[in-house]
Structure formats: C-alpha cells, structure tokens
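> Sequence first, then the predicted structure:
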Amino acid sequence: MKFGDCSCDLSIRRIQKGRSEPKVTVILPTFARADGLLQLSIESVLSQSYGDFELIIVDDGSRDGTADVLNEYHSADTRVVIHSYKYNSGLPALRVNQAALHGRGKYIAYQFDDDLWTEDSLKARMAWLERQSVPSVVYGSCDAYRATEEGDVFQRVLGQEFNYALLLQGNYIANNSVIHHAALFERHGMYDPHVVARRYSDYDLWLRFGRTAQFQWIDTTCSVVRSNMENSLGRDIRANFTRTSKYLQIDRDRKLSPGNIVNYDLISAETWRNRFSEREIREYYREEALPFISKFNDYCTTTELAVAASGAMEHKRILVSKPDYSTSVDVTVRNFERLEGQRGFTSTFVRERDISSFDTSDTDIAILYRTVGSAEKLVTSERKGISCAYLMDDNMLRFHEVGPEHSSIAPGTSAYRSIVAQITGSDAVIGYSDQIIDDFKTHNPHAIRLNTNIQRRYIEPRFYNRNGKIRVAILSNKFRASVISKIWPGLQHIASKYRDDVEFHFWGVDPGDFPALRCDVHFRPFTHSYERYLDELSRTYFDLSLTPLEGETRADQSKSPIKLLEAVAAGAISVMSDVPPYSGLPDTVCVKVPNRPEDWADAIEGLLTLKAEQRNEILERARAFVERAYTAEVQYYDLYGALAATELHARLKNKVILYAFHEAALGGATLHLLQHAALVASFGFRVVGLVRWDGKFGPEFARRWREAVKNAPLLEEDWPHGMNSANDSQARSLHATDIEVAQRIGERLGDLNVGLVHFATWQPTMTALGSVLGVPVVASVHQYYEGANTRAFAHAVHCSSSTHGEQWKKVSGVPVRRIVCPVDSVFFSLFEDREVRNFAMRGPLQIVVSGTLQPRKNQLAAIEAALLLRKAGHDVTVHVIGYDDLRPDYAKICGNYVAEQGLEDHVIFHGFVSDPEHFYASCDLLLISALDESMPQTMLQAMASGLAVVSPNVGGVSELIKHRYSGLIAKNTSPEELAQSVKEFIGYSTARRAEMLRAAYRTISILGRSSYVRAELMDLYLSAFKRWVPTSIDVATETSGLRQDMLPDRFEPAVASTIARLHSEVEAQHFSRPLRLARAVTLRSSGVWGTISPVFASLELFNRHHFGRARRDELRLSESLSDLSYREYTVHFALPSLSAIHLGVVPLVPTSLGFIGIEIVSSKDKILGSTIRSLAGLESDIPARFSLSAPISDLQAGWRLRVFVREANVPVTIYEVVRPAVLHGAPKRFPFAKFE
C-alpha cells in the first residue's frame, strides 16, 4: 500500500474568497471527535489574534457526525478548508502530508482534534519565524495533560531551549507548538506515514529537520495537549523501543520528499535489512503490519491482502528441480512467488542434470518436480539437511499407460525405480489431483493435495469487443492430437454449417495435421513463456474454448482443470470432455460433453444459438468459481503451508502429533483445537487425540473427532484441571501430581511414538506430559487467568487474541502469536448469497446470541435488550444457541425472565446445535453481551457470513471490529447500550450496511481462512522445534530443553543491574571452590580439582572412575535450570541397579519456593523412574540425595539423566564437569554426580 494509493476518495471543499495565498497553512487531522473536543480545537485556531492563515481540517473517514460539525465551520468561515475521506486510514501522518501537498501557505502549522492553542499562539511564533531568511522551525511551550476517568491531570510543560543532542535523547517539542517553513519538506522530507512510525512521526520529523535547520524556542505557552484519549495513537499503539530506535535512524529524507512520497510504501519493511535482523522484521510484520492491515485495508489491493501475513512467517529458500524447464514451473511455484508483496519464499530453478553443480548449503527445501534421475541423491544421505518434497502435477507413475512414447518410465525401468525412490525418500509429496494423491500414498503417506492456479489479474472482468464471428479456440499441445482427431468430424460439421459465423483458433496444436475445416482457421505455435502466453490470452478474447481429453487412463484422469482457468482468462466458455477431472467441475461453470463427434457438434451448436447475454452468464459463473477456488491469491497459504509442512515432516519423520483437549464439551477452545487437528491431518500428518473422560459429552466429542481426522486414534484419560479448585477464576501452578499423572499418561502413549504435543487452555499436566515424552510442546491459550506460575510452560504459544496474548507473553516469557479460530468455508459461502441480494433484510430483524448459557456470557442482558427494542417499536426475534445444561441455574433465570415478560415467541432457546450455520444463514445480526471474552468464534463466523456484529469491547473484539466500519462496539454490557447499538444498525441505509459487512468480510478473509490458519500452524510447530531441539554431545550428552526469549523485551536499568549484581555475587561466593558460572569463566587446568571440599569427595571419585578425567576438565555451575524444561545427560555405561543419585544443587539465593527433580529415561525414550524434592532448605555445600521410589534394574548404556526445576523464583544451578573439545566443536559435559 503506497502513499499515492490513499487519496482516491478525497473530497475537497474550499470557498474561493479572500486572499488566494495565506501566509500560514494550519493542518488539523481528525477522526471521530464530534463529541465537543473537535469544536474546541477548531475554535482555538479560528480565534487566533494572528489571522492570515487557512485551516485545512482533514476528516479521516469519521462516521460519528463529524461531517455535520465541519459543515458548520466551513459555512461560517472562509478560511476553513475541508478535506473529507470516505475511508479511515489509521495514519494521521498520511493525512497531514496529503493536506500539506494541497496547502497554499509559506509556513505550516499543526493542530489536533483533542488539543488547544492559546489566543496569541500563532502571533508569538510567527513574530520570530517571519524574520528568518532561511527555512527554520519555531516552537513554543506546551502544557501537557493526561486524560483520566476523574478528569484531565496536569503532567508537565513541554518545551525548552533547542539542543539537538538532547533532542536525540527524547522529544521535548509538542507537535501542535511547531510552525516551520514548508520548504523544509523539500530538504528533509515530510512526515513519515509508515505504520511503524505512527507514534513518533512528529519526533522523527524534528530529528530530520534538526540536522540542518535552525530551531527556536519561544518561552511562551502556545498550546495545550491531552494524552490517553480514546482513538489516540499513544493509547492504542503499543510502543516498541528497540524497533523505533532502529527505524528512526534509517535515512528516508529523499523518499519522503514531496516529489517522491507518492511512491512511498506505508507497510513494507524490505528496506530495513541492513539494520534489522530477519527475526525483527518478522516480528514487525506480525505485531504491527498484520494487525494494522486487518483493520485498515480499504486502500489495499486484493493481492496485498492475500499475502499480508507472509512477512510474519519464516522465509523459505526453495530449490526447484525438473528434468527441463516448462511453463508448469510458473504455474506451480512462480505464480505465487511473483505476487506483489509476497515475502514467504523465493525459488531458484535448476535442471535436474545440473543439481550436482549447485551449492545447496543455503537451501531450505528442494522441490523435486517430476524428477527421474540425478535428483535422487537429494533424498539420500547427501541432502545435507535439506527438506525434500516430490511434486507431480502429471501422474509420472501412470504415464506408461498413455502410450509407448513413455515407455522409458514404465515399471521395471531404472527411471521408474528412481521416481519411486524419490517419492519414498522425500519428506512430503505434493499432488494436484485425488488420483495422484492416492498413488502417492502407496509409497509415502505424507501426501499434500494442492490445486492448479492462475493469478487473479488475468481473470478480472474486462471489456470484450465481441463483434463479427464467434471465435472458437483449442488451447492445447500435440499430446491431445488423438482425442482431437476423435471429435474432429464434429468440428467439421460446425465449420461447414456455420462457416460465415464461426472461426477456429488453434494455439499450440497445428490444424494442418487434421483435415481442413470449411471456415476461417487461425494457428499460433505453442509458446514456452507462460507469462507471454497469458498476456496474449488477456489481450484477445474467445467465445468458446474446447478442451477434449481421452480420460481412459489414470494418467489422463490425474490432470488438473487448468484449461478452465485459461478459458476464463480469454473470456471464453469452456466445453470439456465429460471425464475426470472435468466431470467433477460444477455443471454451472462449463459444458461437459461425451467424446463423440456428434455430441461435441451439438454442444457447440447449442452455445452458438444462445443469446450473448446467456453466454455471458455462464462465463461470469465460471469467473466467480475460478476466483473463489483457483487463483494464486486464494491459494497462497496452501502453497506456503505445504512448504512449511515439508520441513515439519522432515522433523517429525513418522511420529504423531498429540492433541490434548481440556474437556469434551464442545466449547470454543475445544472446537478451535479440533479444527487445528483436522487442518494438520489434511497435510498428511498422523494425529492422535487425548481428551479428559466425560460420560455426558464424550460420545459426541468422539464422533466429531473421528469425522474431523478420519478415524485417527482417540484416548480418554483423567488428569487435574488447570483452574484453581478454590477459585475457578484463577489458574493454578504445576504440582507434583501433574508430573505423576503425566508419567502415567506417557506410559500409555509409549507405543504411539508422539513427536509433538499441542494442548488447549492452561493445562499444567500437559506441560509435564511434554517433558515426560521429551518432545516440543505447543499451547493454544485464550483468555488469560491470573494465579499460576506460567513461566516457560510451552515451546510455542498462540492465542486467539493479541490482547490476552500480550498478557500470556509477559508472564510466560515465550513469544505468543495471534491465530484466530479458522472459519469453515460454509460460512464464507453464506456471504456470497447475502451479497447477491445486496444484504437486504427479509422481514423483522433476526438476532442470534451464541454461547453456553452462563453468567460470564451475560445472555440475560441481550434478552433484556430485546425487550427494550420491542418497547421502542422494533420487531426483533432473538435466537439463543448454545449449551443450556452446564449452568442450569443461569439458564433457568433467563427462561423465567422471558416468561415473565411474555417474550416466548420472540426469544427462542435452541440449546446446543451442531449446525449453527443455519442460524447464520437466516439471521441478520449477531449480538454479543459477554462480560469477558478472548476472541469469540461466533463473531468470526458472523463476519464471514455477512451478519452484522454488535458487541461490547471485550477481549479481542476491537482487534477485528472497527466501530461503525466493520461492526458496532457498544459502550458497555448493559441492556440499554446493547439495544442502542442495535437501533443504530437498524437505522442504517442498505448501502451503509453493505459497506460495513464487506469491511468485516475483508478482515476475516485475511485472518480466518483455513488455509492461512493451517500455514500459521506449520510455522508455529517449526518454531516450537527450533526452541526445543536439544544439542547432542558425545560420551555424556548434555541437553537443555531451553525456553528462549525468557526475558521481557526491555529491562529497566535497575532490574538489569540487579541481575548483573546477583551473578557477580554468586561467582564471588563460589570462587574459593573453583566453581564458575558457565558463561563467566575460561577453561583451567585440572589442578583445581585438588581444592574441592571433602564433602564432595565421593562424587569426585565416582565421576573420575566412571567418566574418566582429562587434564583440562573443569568443574562448573550449569546455566539456571529454572529457565529450562530440563537438563539432560546421556550416560554411556550400564548399571545393574540404580536406587539413588547424589547431585550438587545450588540455588543462587536461598528460596522456600519450588522443587527440583530427576527422571531416568531409557535409550528408547521411556521414563523408568523419577523423584522430586523441595528447594527449601537445600544447602549448596552438601550434595543433595534423590532417592527413587523403587530401584531400577539393568540400565543399558545410553540411558539418560534429566534434571528439572519447577516453580522456582530464583536461578537454580547444578555442578557439572566440562571437558573442552580437543580441536573444534562444543565441549562435553558430564553430571557431577554419584549413582547408587
């Protein structure tokens, strides 16, 4: 989205009276401030004692009556110029710049809709500025207030003598206290309207101006500003000190000059790469760009919206190899790669025979595109960490059935064996038809189904200058010659009968190879440039496109319907053989014909005799179908997800993903995780379910599970709930019981070969289960609950709401990404039906209220709102859907109220419904009355279905709903405010309703499509592996399930110094016993062993005897176990029996909280025993003894010792022996322990 894209909706109103060129242009941007503040701000400008100015008020798409306010001022004062925009940009700096480009004054001043000027503000500043002969800046003092519920509270005075060095340390210049020469824009550029600069665009401009321009402070109070106002950037936009600091130091002056700014990109971070890391850029796209585009997308193109999230995901470097280049590479890969704004991957094509000469060390994924020979080494030991996907858009396993020309790849040949070997050895296989997928699965179960595609720009509606003859095309190549010969007599019949009315066009296949047609015939040879081919199709047109196919072999049946897409690009109706894959297309979008000449002649003749309008209807249905299902934009995340899935398959091999459900009742979190499991299974992953046993809801859950994941295993178990038993509004911390239960469940899961655990809601037992199984843990959390120690409870976390996700991130130390619940395609299809009737309501207003009946959901307020609406004369019916037997007391209260008020015919309780889409199809509005939420799934479904959303601002609602743009935000949860919002919607015109519903649909189309959510899941799981993957070290392997990013984004200086002091004190404390923090010491000679305290002698003797002793071995403190899943050591000697282990445990400061434990794990990942003990009372000078409940017999070499700490509030370390590598590589680590 560029600066120049955002002015198409500008309307300017100026009264051409008085002086044509005022000295000063005052710019006042406003949005939704018609409550009185805007009027005060305007009047503070118009009442200035200095009057030679124009006031440009820029309305950034307000919908609260601002236009009426501005009309009054415009009519009353000729100095007022109104710039009105239909859409809200969300970027005040953008609107200020646009106004400045229209400004006529020599000087520019600024005012804002919640701020004031003093009466002589302009006069005082202009007195100095008008005396300057060079472009300069003047600013005055400003009284700054903070808005609170009690009123405005004075904070400080902004303004002081100018000092550029001090300005670099922080801003002391209020935006509305500045006036400057407009000419400074030419030298240093205008305000930076980029999304990342929203909070600091004024400060950034002063820094750029300040490099050369003269600044002068006027020691006079010129303005008053208020902070923390509703709809203010300072309150709504989260600050990121690091990101802002780096960004403000990027040179942007030339790009922001008035002559260049039209091409300035408002969202892209592609020019940041010399200053920002790849991780930082991804975080920007995820934390700022994507949330912004989700709400402010009116100026974005369809393509930009389609790939909006790609920058937030890990970039993939792809190698595409095929025996020879063909246009199909463009279709399958480069159509996506060339989408404007696409940042998810880049590809390099290399012919198969050249692979040995290509350096693959920086390649992430290799796509083996129908390769038959030398590419085979990429799926063997030579792949060097590259994930491989074998891709077929034609069925190479069945080509031999087509004819002898393909005998070289028939079964039994070396080429066929190589194909099978590559399919079998690849991490994943990608096919473009059901037949290919079925054949793939006989060799590799990791099968991913994709569809062919075309870029949207080629199928957009255009004017067809259809006149003269009907133009019939065959777009093919020589391989269809035999089937064309079959139907040729039918074409001859049409050519003869309609010789003056039709002409045939052959692209690719030479008509000279067939008998002559008695009409005009045109021929164009096959082109090997796909882009040129589509460009030529787009510049011409055809009326009919003929696509015959034999369809008798499985190879034919494995083809894709790409010819339908090309026909739409050419403006033609498709006539196709009635064989797979074409027989599976809807009858409404093409004409399907048996492969007999007379049938083809009849079909063509039937289309020739239709009216042009009738033919156009068929074409437009086909266009809508292709746009909905086959564009590259629609399928972008399918391809990206397939790439990421290939990497994930490489990580998991054949292990399963475990989905752990906190309850069987089909509440929001359960349904969310259930959909995740279905999406992941669709990419060829093995899944298994684990749900808490429930006699009431279990059977229905089991049915849903089987339906979603095609009968994958489901286990029922029992484990402690994650909420505090004494207070169900608070979460509880991990207990020793959780570990015991996790060990029991882990034993049951032993034979299933679990490779990753994904659980929903706060479940400490599942955190422990991940540790027991020794696999990455992913958590889906939603609403945040206080009370628990959630530090590092998973390797990767997602939340349905950024609002709650930020809280989870702060307390856990783990990055949390927002992934909303995927919305089923059936809801999106409802929108199309509504759009056809222009969103008109059919009769009385139908309202749906969805969710389990309970006080937290506050359905009673919605029912009371319905009564208020009816009393006000509005005929409304409320449909309440959701469980009504989980809180029968509350359900009874609601039912009694309905009966008392006589609303039985107008408030209908439906209970739990398994097919809520029927209500979304028949209702007009979704009413949310909840007291708290995370991200209501019912809201997402309403946005996709074309239902209006009315909700209070709870949870993540306002992350997606922009008040009066994509829904209505009620002021609170009272029945009166809910009713008022519904009445406002009722009062809207049909056009305004349609605009609002389309805006909501655009937002959910970005975030809620299943393909996008699936791609996010693949990326999330890969991030979990990266944070989990242990480091193998020979002899005695030390493994840390490290929780990365444990520290907050930014430490206060006092906190940082305290941490540093703590480490230095501990280091000094242990110096006399040659123990060092691992990160703070260098290697020493073995002479230090002579100073060990006698208390540790038995550990030292055991360690020396069993692990040996090298000259440079060093005794150290490990890193803190409080921040790890566990510390793991592989022991390469057997023990006949083990009953206890002695370790040196060192809490860095005494503590009474938390516990430390050990696990004994076999070489086959089975936990053989474990025990824990409290950290309270542990003495660092005495070894700690860990006694097993029962001795473990016959421990084979390769068993592992895990040491873990839970719920500690201080760093906890253990002693270990570190042996430096002889030459290179990581040191070897041994447990400083004694085994009994």
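That came through, no problem.

> averaged over its residues, what pLDDT does the biggest helix by length in the chain have?
Identified as the longest helix of the chain according to DSSP state H is helix 632-652. For helix 632-652, the mean per-residue pLDDT is 97.

> moving C-terminal of it, what's the next helix or strand?
Downstream of helix 632-652, the next assigned helix or strand under DSSP states H and E is strand 656-661.

> so how far is that next one from its chain's centroid?
With Cα atoms, centre = their mean, to the nearest Å as the basis, strand 656-661 stands 22 Å off its chain's centre.

> burial count for residue 477?
10 (other Cβ atoms under 10 Å). Glycine gets a C-beta too; all of them are placed from N, C-alpha and C.

> for residue 1098, same thing?
12.

> Name the nearest residue to it, ignoring sequence neighbours.
residue 1234 (5.5 Å; Cβ to Cβ, 6 or more residues apart in numbering).

> I'd like the secondary structure assignment at the one you found, please.
strand (DSSP: H, G, I helix; E, B strand; the rest coil).

> Just list the residues touching it, thanks.
1098, 1099, 1102, 1103, 1141, 1142, 1183 (Cβ atoms under 8 Å, 6 or more residues apart in numbering).

> Which single one of those is nearest to residue 633?
The closest of the contacts of residue 1234 to residue 633 turns out to be residue 1141 (Cβ to Cβ; 58.7 Å).

> Work out the sheet partners of the one helix or strand that closest one maps to and label each with its direction, please.
Using DSSP H and E, residue 1141 maps to strand 1135-1143. With DSSP bridges as the test, strand 1135-1143 is paired with strand 1184-1195 (antiparallel), strand 1233-1235 (antiparallel).

> looking at these, which is buried most?
Mean neighbour count (mean count of other Cβ atoms under 10 Å) peaks for strand 1233-1235 among the strands paired with strand 1135-1143, with a mean of 21.

> Tell me where the stretch 601-750 of the chain has strands.
Along the stretch 601-750 of the chain, counting by DSSP state E, counting those that start in this stretch, strands occupy 656-661, 687-692, 714-717, 723-724, 727-731.

> Quick one: work out the angle between the second one and strand 656-661.
Here strand 687-692 runs at 30 degrees with respect to strand 656-661, directions being taken by axes from the mean of the first three to the mean of the last three Cα atoms, to 10 degrees.

> From the contact counts, what lies against strand 687-692?
Judged by 3 or more Cβ pairs under 8 Å, 6 or more residues apart in numbering; DSSP states H and E, strand 687-692 is in contact with strand 656-661, helix 668-681, helix 698-709, strand 714-717.

> Identify whichever of these lies nearest to residue 86.
Nearest of the helices and strands packed on strand 687-692 (Cβ to Cβ): helix 668-681, 35.4 Å.

> export that closest one as PDB, just CAs?
What follows is helix 668-681, C-alpha atoms only, in PDB (Å, rounded to 0.1, in the frame of the first residue of the first chain):
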ATOM      1  CA  GLY A 668     -14.800 -22.600  21.900                       C
ATOM      2  CA  ALA A 669     -11.300 -23.800  22.900                       C
ATOM      3  CA  THR A 670     -12.200 -27.500  22.200                       C
ATOM      4  CA  LEU A 671     -13.700 -26.700  18.800                       C
ATOM      5  CA  HIS A 672     -10.700 -24.500  18.000                       C
ATOM      6  CA  LEU A 673      -8.200 -27.300  18.700                       C
ATOM      7  CA  LEU A 674     -10.400 -29.800  16.900                       C
ATOM      8  CA  GLN A 675     -10.200 -27.700  13.800                       C
ATOM      9  CA  HIS A 676      -6.400 -27.400  14.200                       C
ATOM     10  CA  ALA A 677      -6.100 -31.200  14.300                       C
ATOM     11  CA  ALA A 678      -8.200 -31.500  11.200                       C
ATOM     12  CA  LEU A 679      -6.200 -29.000   9.300                       C
ATOM     13  CA  VAL A 680      -2.900 -30.600  10.300                       C
ATOM     14  CA  ALA A 681      -4.100 -34.100   9.400                       C
END
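
> Show me the contact partners of that helix.
Against helix 668-681 from outside (Cβ under 8 Å, 6+ apart): 657, 659, 661-664, 687, 689, 701, 704-705, 708-710, 712, 758-761, 780, 782, 800, 821-822, 824, 934, 936-937, 1010, 1013-1014, 1017.

> if you set the cut-off to 7 Å instead, what comes out?
Residues from elsewhere that reach helix 668-681, judged by Cβ atoms under 7 Å, 6 or more residues apart in numbering: 657, 659, 661-663, 687, 689, 704-705, 708-710, 712, 758, 760-761, 780, 782, 800, 821-822, 937, 1010, 1013-1014, 1017.

> Give me the buried entries from these.
Among the contacts of helix 668-681, the ones that count as buried by 16 or more other Cβ atoms under 10 Å are 657, 659, 661-663, 687, 689, 704-705, 708-709, 712, 758, 760-761, 780, 782, 800, 821-822, 937, 1010, 1013-1014, 1017.

> Low-confidence bits of the stretch 1051-1200 of the chain, can you list those?
1051-1095, 1109-1112, 1180-1181 (pLDDT under 70).

> give me that answer again for 90
Along the stretch 1051-1200 of the chain, segments meeting pLDDT under 90 span 1051-1128, 1130-1134, 1143-1155, 1162-1167, 1169-1170, 1172-1185, 1189-1190, 1194, 1196-1198.

> what are the ranges of the strands in the stretch 101-250 of the chain?
Under DSSP E, counting those that start in this stretch, the stretch 101-250 of the chain gives strands at 107-110, 116-117, 136-148, 151-158, 178-181, 214-227.

> Over to the stretch 751-900 of the chain?
754-760, 777-781, 796-799, 816-818, 845-850, 876-881.

> To residue 568, which of those lies closest?
Closest among those, using Cβ to Cβ: strand 816-818, at 35.5 Å.

> for the record, mean pLDDT for the closest one?
Strand 816-818 comes out at a mean pLDDT of 94.

> Remind me what that strand packs against, helices and strands.
Packed against strand 816-818, as judged by 3 or more Cβ pairs under 7 Å, 6 or more residues apart in numbering; DSSP states H and E, are the following elements: strand 796-799, helix 802-812.

> Quick one: residues in contact with it.
Contacts of strand 816-818 (Cβ under 7 Å, 6+ apart): 286, 797, 798, 799, 800, 801, 802, 805, 808, 809, 1020.

> Done for today, thanks.
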